[in-house]
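[1] need a structure here:
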Amino acid sequence: MKADKSNIIVTGYPKSGNTWAVRLIAEIVQCPVVGFFGSDQEEIAAEHAERISQYQCFKSHHQYLQLNELSTDRDKIIYVVRDPRDIVVSGAHYFNRVSPFRKDKMSQSLLGRLINKVHWILVGESKMRQEMVRAVCVGNKWIHRWCAVSWSDHVLGYKNHPNVHFVRYEDLLENPLHETEKISEFLGLVRTKIELTSAISAQSFDSVKAKFKSTGDQERLGFMRKGALGQGAKKLNSKELDNIQAALGEVLKSFGY
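    Next up is the predicted model:
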């Protein structure tokens, strides 16, 4: 992280849509996505290192106090809020810690994929949903260290800080022009509707998927899900929905969920 650069840090609870959001914001700014903030590890969101800009974008899942220790007053933080019920569904698929074969040669074979699919249908999805419900309600380090606290504790940690801009993932999907106008204003940038529309088009699901297909980037292509809205309400059972409502109800309501 070079001192002469202004950092834009796009953060949120895991599986909140940060990867798409950070690429979209970098497209608007016309700056690179450098990687994961505070880490030298390769980040799947990183792209356009060739861009020359006074800005650089980073992805993050830090809690506010963790991020505050690494960031400076010059940094701009954009927090992506997503319905935790949809996070449960997306996180269950992504983290999937219960597959018999994970990221090895067997998992890529026809037999391995078949075994994983059958296992997922029979026990895997249910188990991972339970663990993700626990994560968003009270925190669950077993899922990942970034899920160590609840969704509400993570979100509320960023409230009332002047260098933080909140955007709902759902609003960014459904009304991207309006939301990117507000993001541009927060960053102190002047962008026309034509420029914003062009950036939104370049980072649409279909455009990015086509780009990864054309370049043969199977890892990034495999990382992509459609990010569809309302999957939690459709796929979670009544007990899971009730547990989330009981634990997060007030905060859900405050963000319009």
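
[2] Over to residue 247. Which of the three states is it?
    Reduced to three states with DSSP: H, G, I helix; E, B strand; the rest coil, the structure at residue 247 is helix.

[3] distance of it from residue 86?
    If you measure residue 247 against residue 86 using C-beta to C-beta, to the nearest Å, the figure is 16 Å. For the C-beta atoms, the positions are set from N, CA and C on the backbone; glycine is no exception.

[4] same deal with residue 48?
    Residue 48 sits 28 Å away from residue 86 when distances are taken as C-beta to C-beta.

[5] Equivalent analysis for residue 32, please.
    The separation that residue 32 has from residue 86, given C-beta to C-beta, amounts to 29 Å.

[6] Looking at these two, which is more packed in?
    Legend: neighbour count by other C-beta atoms under 10 Å for residue 32 and residue 86, higher for residue 86 (25 against 20).

[7] Let me see the contact set for the more buried one.
    By C-beta atoms under 8 Å, 6 or more residues apart in numbering, residue 86 lies in contact with 229, 230, 231, 232.

[8] Pull out the CA atoms of the helix or strand harbouring it and give them to me as CSV.
    Applying DSSP states H and E as the criterion places residue 86 in helix 84-95. Once non-C-alpha atoms are left out, helix 84-95 reads as follows in CSV (Å, rounded to 0.1, in the frame of the first residue of the first chain):
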residue,chain,number,x,y,z
PRO,A,84,-28.1,-12.1,6.1
ARG,A,85,-30.6,-14.7,5.0
ASP,A,86,-29.1,-14.5,1.5
ILE,A,87,-25.6,-14.5,3.0
VAL,A,88,-26.5,-17.9,4.7
VAL,A,89,-27.4,-19.5,1.3
SER,A,90,-24.4,-18.0,-0.5
GLY,A,91,-22.0,-18.8,2.3
ALA,A,92,-23.2,-22.4,2.6
HIS,A,93,-22.2,-23.0,-1.0
TYR,A,94,-19.0,-21.1,-0.9
PHE,A,95,-17.4,-22.3,2.3
